[in-house]
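Visitor: pasting a predicted model and its sequence here:
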Amino acid sequence: MAPSTGTLHLAAAIDGTGQYTAPYYVELARLAERGTLDFVTLDDSFGPPGEGQGRPDALSVLARVAPATERVGLVPTVTTTHTEPFHVSSAVATLDWVSRGRAGWTVGVSTTEAEARLVGRRPAAPAGELWAEAEEVADVVARLWDSWEDDAEIRDTATGRFIDRDKLHYVDFEGRHFRVRGPSIVPRPPQGHPVVAVDATDPVTWDTAARHATVAFVRATTPDAAGRIRDELRGRAASFGRERGALTVLAAVTVDLADGEYAAGLATGDAPLTATAAGPPLYRGGPVDLADLIAGWHTAGAVDGFHITPAAPPGDLERFVNGTVALLQHRGLFRTFYPGATLRDHLGLPRPANRYALARETAQ
Amino acid sequence: MNDSSGSGKQIHLAAHFPGVNNTTVWAGPPAGPTTTPGRCASRNPSLGSQIDFSSFEHLARTAERGLFDFFFLAEGLRLREHNGRIHDLDVVGRPESLTVLTALAAVTERIGLAATVNATFNEPYELARRLASLDHLSGGRAAWNVVTSSDAFTGENFRRGGYLDRADRYTRAAEFVATARELWDSGTPDGTPGPFVHSGEHFGIEGWFGVAPAPQGHPVVIQAGDSDEGREFAASAADVIFTRHGTLEAGRVFYTDVKRRLAAYGRDPDDLKIMPGVSFVLGDTAAEAQERAAEIRRQQVSPQTALLTLEQIWGVDLSGYDPEGPLPDIDPDPDSQRVQGRVRHADPLAVAAKWRALSEEKGLSIRQTVIEATGRQSFIGTPEAVAAEMAAFVRSDAADGFILVPHLTPGGLDDFVDRVVPLLQERGVFRTGYTGRTLRDHLGLRHPGGRSARSARGSAPDLDGRRTGIGRTDGT
């Protein structure tokens, strides 16, 4: 692996089962923003996470968080299995409008029969089929974001025209799973395309990630393993005609900093990460050793950064920001301020050209 | 000054964001900072963006400063077309309602947040979950304006697609609302999500509702529409009915009829608030207000808009006609498919005859006829006159309050809040401070309670589809 020269990217989950009040999420997002993290994520599923357990709609929560924060990116999970792609497109675009260019979404699917029964429209389907459908959703959502060119609103008093309708486009999407006519009701969002993330833990998701994601979360307990998955994802992206660097790969880690009590004992050695049955590997140790681990993996070129899930928020997120992040900043490995305003700015991604405007320019 | 004539009845006020239609005056580029590349620079400071969050924030905060009950958003699911092309003469493009309202919960504290959401192209579980989430995240300020979609044109954007005929649309919507309430009621008394089973004509669903019981129990349900079925549905199941009965006398007739229907469902007259949508124009003198109102109408109905409005009724190409000339002498085509995404007049021949009579009687041109015929209830006058007229409407039981539709974004409510609200307060017909936290508190509605509380209150409203009807989406 070649040594990485890329910018280090850090993101944090602000999940909390049974948490319904806005201040809980606002406090965590502000903490992440104080640490100049690229973005926060909020997990979701169509059904409740378990019997008697609940959580509010993730996109709604981050819309509520948006005006209470200024720079940090906001990336909710949005499922694609039982939803209308047109609504998904409108909601994520609107999150981008209300956050002034800080929105993303993690593409999700609903695999269980229990979730299917909440809608009652069709039975559960195999994961491969659901991810193929999710790809279609991601595709049509991006087309709908482009269905308004940036300068479609003209407000031309002389002709009485509010818009130039030649700059609005029918997407006329017809896939195996659904059709959408378009155009969107929402003008093109500030980022052009909000950021698309995919949890690429399961290889069944890899083609979706390689084709559509700007950020992929991977699970690995060693830098070698992480690097191999990143190479695989980037190789597939290249085979789909994308640039290898268009995909930002973050290692997912659950972080238990527990006052750093067992920093000396458990967090050192060759394998500071413990594989877990479900969910990301667990790091248990002190904030300083975690900074070393992050710096080590990143310098080795294994990943572009880390997506951490605090084991016990807000305590673990505070220790991460005040300890680990502060140390990475002190060493010059992580930024100390946001140089840009949008999530794409944080990730070093350009604002994508509009495919319809591009097609017209090419034709001319 | 206290209004000595009245019963102490208080006015309820709501603010409609002036969005996508020709009621919005937009001429010229918007003011203020924008985030979209390519958007024009500022020229007219009174014309804001219809999409930047700052516009929504300004109007919602102004409404809250005016102690309004709620802030209201319409919805669109397909861009309007005219003669097979996207309609380009009105404001177009808007955000998704629930996402904007949830963001507004961060910059407001008390005002209710009402989203128009379609019951045709959504599913009860998903929508009930998003509304319950808004209720939690706003501390009990969520409302849902239930609408349905009329045609396969809108359906082309959705998996469900296709077409639901009128009866199916209404029965689905009625069952949709009933199902949402079952889901909201499914939580356990200790505040955790609970199991539900619903088996009906349109939905057969079961599982665990993913959100704990919301602060209001049920978000407030608003219903728009005027048919007999619509009135019956509102009487059985809505908390607010959004009407357009303009005159005092028509308002009184409607009010009496709808309130009379409540008893059959074991409800009190106060359980349903009647709120017409109205516009307003203020001036320092009556003459100035009238002059300003006429100018606004001319801006709303440009020569191009006048011709297109006429085509929507006639259903034929009228582009050769002079908008400043007389109405066409040809008859409308009642089977025309020229207009899409907008509610068609039920009887174009009758409408055309009415407009022709109006035009001949007053000697009006096409444009003048459209201006005259499409005007809606508007309070026009000095702040004193407008306050007195509004108070008279409410005190004489022609309404419980109003949903105000300003014509400018985002400052269209500023004058009303600064100049009319204090006069309403002086008259003793409007609150001087919020007394509660939730939208139900503002509207004086009871908390619906959970399962046990509902059954103790008597039988559930009859949601049998044959007796119910629900308003239409505005179709943009």
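Guide: Right, received. Where do you want to start?

Visitor: can you tell me what sits against stretch B:276-288?
Guide: Applying CB atoms under 8 Å, 6 or more residues apart in numbering or on different chains, the external contacts of stretch B:276-288 come out as B:16, B:23, B:242-246, B:251, B:289-293, B:296, B:376-383, B:385-386, B:399, B:402-407, B:415-416, B:419-420. No exception for glycine: its C-beta is placed from N, CA and C like everyone else's.

Visitor: which helix or strand in chain A has the lowest average pLDDT?
Guide: Taking mean pLDDT, DSSP states H and E as the measure, chain A has helix A:263-266 as its least confident helix or strand, at a mean of 44.

Visitor: which elements pack onto whatever helix or strand comes next after that one?
Guide: Using DSSP states H and E, the helix or strand that follows helix A:263-266 in sequence is strand A:273-274. The contact analysis (3 or more CB pairs under 8 Å, 6 or more residues apart in numbering or on different chains; DSSP states H and E) places strand A:273-274 against strand A:282-284.

Visitor: now do the buried residues in the strand it packs on.
Guide: By neighbour count with 16 or more other CB atoms under 10 Å in any protein chain shown, strand A:282-284 contains the buried residues A:282-284.

Visitor: adjacent strands (with direction) for it?
Guide: The strands that strand A:282-284 pairs with in its sheet are strand A:248-256 (parallel), strand A:273-274 (antiparallel) (by DSSP bridges).

Visitor: which residues does the last one contact?
Guide: The contact list for strand A:273-274, computed with CB under 8 Å, 6+ apart, reads A:221-222, A:253, A:281-284, A:293.

Visitor: circling back to that earlier point, need the buried residues of strand A:282-284 in a markdown table with pLDDT, can you?
Guide: Formatted as a markdown table, the buried residues of strand A:282-284 follow (pLDDT from 0 to 100):
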| residue | pLDDT |
| --- | --- |
| A:Leu282 | 96 |
| A:Tyr283 | 96 |
| A:Arg284 | 93 |
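
Visitor: could you export those as JSON lines, including distance to B:Val146?
Guide: Shown next, in JSON lines, are the buried residues of strand A:282-284 (distance: CB to CB, whole Å):
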{"residue": "A:Leu282", "distance to B:Val146": "47"}
{"residue": "A:Tyr283", "distance to B:Val146": "48"}
{"residue": "A:Arg284", "distance to B:Val146": "50"}
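
Visitor: chain B: which of those is nearest?
Guide: Taking CB to the nearest CB as the measure, chain B lies nearest A:Leu282 of the buried residues of strand A:282-284, at 26.5 Å.

Visitor: wait, that closest one touches A:Leu257, no?
Guide: No. Under the criterion of CB atoms under 8 Å, A:Leu282 makes no contact with A:Leu257, lying 11.4 Å away.

Visitor: what touches both of these two?
Guide: A:Ala311.

Visitor: what about A:Phe39, how many residues close to it?
Guide: Neighbours of A:Phe39 under the rule other CB atoms under 10 Å in any protein chain shown: 28.

Visitor: likewise A:Gly348?
Guide: For A:Gly348, the neighbour count with other CB under 10 Å is 15.

Visitor: ok, now A:Val75?
Guide: Using other CB under 10 Å, A:Val75 has 30 other residues around it.

Visitor: do the same with the one 10 residues further on
Guide: Per other CB under 10 Å, the neighbour tally for A:Pro85 reads 27.
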